Each structure stands twice: as structure tokens, then as C-alpha cells.
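Peer 1: For reference, the sequence and a predicted model appear below.
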Amino acid sequence: MRVLLTGGAGYIGSHTLVELLALGHQVCVVDNYANSAPEALTRVRQISNRDFRVEEGDIRDRDRLTAIFTDFRPEAVIHFAGLKAVGEGEEKPVAYYDTNVTGTLVLLEAMRASGCGKIIFSSSATVYGNPLYLPYDEAHPCSPTNVYGRTKYMAEQVLADWVRANPGTGAVLLRYFNPVGAHVSGRIGEDPQGIPNNLLPFIAQVAVGRRAKLAIFGDDYDTRDGTGLRDYIHVADLARAHALALDYAADHTGTEVFNIGTGTGTTVKEMLAAFERACGHALAYEVVARRPGDIAACYAQPEKAERLLGWSATRDLDDMCASAWKWQSENPQGYRSEE
């Protein structure tokens, strides 16, 4: 299948690219490298021993995107491109709506112009907001509590409306929980710019000496050890979910939503202990005040993905930490190590 990946040089995009190439798909990556590195694509070629097309461009650039679509003529799109830092979204809401919502609208225009009617959308469990019950299933009401979550939910609604108005089209919306880990080779992984917003890359940077210690935001939550509990999923399992969603979209029309998570939760202290096992030494941390807006627990009910996509997570917490440590220890400055 001819597949176009927006944001294909990013963390999840690059791992999904490896998966798609292994399955024999023809792929075109479109990326502006705002939060990614061309080096990731070089390494994907080395890992996969396969070539693919790369086009540098911004998804908001109508003329550029339409030209790429008209030439490549994809049969399906996997849409990763977007801004994703919750804190930054509160500071720069217009930029987040512009990239995440307007970018999706421009993408749909380019799809229409080239006759492409299938899309897999990289969404987020942040669309649910504060839990009315746990685990979150796909029927849980959506009430996002931050700008980032609202842009993701708005893009979901745009896609669902587009599908309703265009018979024969299909959209699969994948609501990720917390992707972590790296490719087993250690050649590609998560490379956040600046201070990491997520737990595991921050721990990894402490382990490799880039950060002095981990700040744990509160240890008095109603969880096993008082620290926040989240559903972490290995990025390779997440990549496989996209490949299966692609198969599903090929045979189905309409809009379907899937939670992509393990169905279990890990606390901050449990993650820290697992990473200490992976790297072989203790890591410094301090407990500080809770962050406003943080909740005690968040984890998925992934049964629908198991039933309809034939997908389930196969890698455990130790796999996640071992692969993340291999990536970080061999690439202490991320892709900038190559420079």
C-alpha cells in the first residue's frame, strides 16, 4: 500500500515507519523537522535496509502538500504531525490550534485533491480529561482540560465530520496513553528538545548524567505508593497498532476510535525502580509539590483494539526501560550525538 506519514521523522512516526517498511508498504514521509531530526530517517534506512520517499514540508502549506499528494497519490495517510507539549500549549494556544487543527484541515484538502480517502490519526488519551471512571474506555465522555487535548479532540471531530460527509472514506482515531521505550537496535528513540515533558526521557537523562535528579510531583496520591499512576506502552507495540489500523481502514469505512494502552498502570516510583534495574545504578530524585491539574491515575481499557484490530501490548515495563536505556546510553545527546 502507498502510505503517507506526516511527522514521520518524529518519535512515534519513525518507529511506525520501520514497521511499515518491514511489511512491504511504499512510504512517503512529510516532515518539517520542527520537533524531529533528519538523522532519524537515515537510521531507519539502516535498520530496515529499505528506502522510502522523504519530502520536507509543513502540513499547513497547501500548495506544497497538494503537490506531494498529487505526485505520490497515497492510498492512506497516517497523521502524526503536530505540537504535543501540554505546558507549551497553554502558553501558545494559537500555535497549537494552527498546527493541530488547521494542519489537519489542510491535510484533508490535499487528500481530497489526490483521491485519498483513508486516514489513521495520532490522537491522545488527554481528550478524555479527568476520569469519571477507570479504566477509560472509548465511550468515556471527552472533556479535555488543556489546550493540547482540546486541539486533538477538535481534530478528531473534524475527521469524523469529514467521513460523514464523504461516503466510502474512513478514519481510525488512535488514542495513545503514554508511549515510551525505543527500537531494540538502540538506533532510534525519543529525543525531546529542551527539558523533557514526559517521565521516562527525563529519568533517562538523569541516568546518563544530563540532569541532576528527577522531580516527583507529589507522593500523597491514592495509589500503591502515593505517586501518580499511568498506562505506559512500548513504542514498538504502538507502531504495530498503526500497521493493524491501516489494515482495518483498508477494509472499513466510517470512523472508529481505539484506545492504545496496556490496561495496567505503573507509578512514578515503579518506573524509576525499573529504570534503575535497566541502567544498573540508583538515580537521584526528590519529591516536590503536586503539579496543578495532575490526576492520581490514568489507564486504558484496550479490549476494543484487541477485538477489532487483533492488537495487544506484548512488551513489559522492563522491556520499555531496557530499550530506552540502550537508546539513551548509546546516544547521550540524542540525534545530536551524531554531530
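Peer 2: The structure has been received and is ready for your questions.

Peer 1: Next one: E90 from G293, what distance?
Peer 2: Using CB to CB, to the nearest Å, E90 is found at 10 Å from G293. C-beta: built from backbone N, CA, C; applies to glycine.

Peer 1: who has more neighbours, the two?
Peer 2: Legend: neighbour count by other CB atoms under 10 Å for E90 and G293, higher for E90 (13 against 10).

Peer 1: Just list what the host helix or strand of the more buried one packs against, helices and strands only.
Peer 2: Secondary structure from DSSP states H and E places E90 in helix 86-91. When contacts are defined as 3 or more CB pairs under 8 Å, 6 or more residues apart in numbering; DSSP states H and E, helix 86-91 packs onto helix 147-165.

Peer 1: which other helices and strands contact the helix it packs on?
Peer 2: Taking 3+ CB pairs under 8 Å, 6+ apart as the contact cut, helix 147-165 packs with helix 86-91, helix 93-97, helix 103-114, strand 118-124, strand 170-176, strand 254-260.

Peer 1: circling back to that earlier point, what is in contact with E90 and G293 at once?
Peer 2: By CB atoms under 8 Å, 6 or more residues apart in numbering, E90 and G293 have these common neighbours: N146.

Peer 1: Quick check: phi and psi on Y136?
Peer 2: Dihedral pair for Y136: phi -70, psi 130, per degrees, to the nearest 10.

Peer 1: can you pull out the strands in the protein?
Peer 2: 2-6, 26-31, 53-56, 76-79, 118-124, 170-176, 178-180, 214-217, 229-230, 232-234, 254-260, 266-267, 285-288, 297-298 (DSSP state E).

Peer 1: Tell me how many other residues surround G310.
Peer 2: G310, neighbours per other CB under 10 Å, totals 10.

Peer 1: which residues sit in contact with it?
Peer 2: G310 makes contact with L244 under the criterion CB under 8 Å, 6+ apart.

Peer 1: With the one 4 residues further on instead?
Peer 2: The contact partners of T314, by CB under 8 Å, 6+ apart, come to H234, D237.

Peer 1: now do A204
Peer 2: F275, A324, W325, W327, Q328.

Peer 1: For T255, state which of these is nearest.
Peer 2: Comparing these against T255 with CB to CB places A324 closest, at 33.2 Å.
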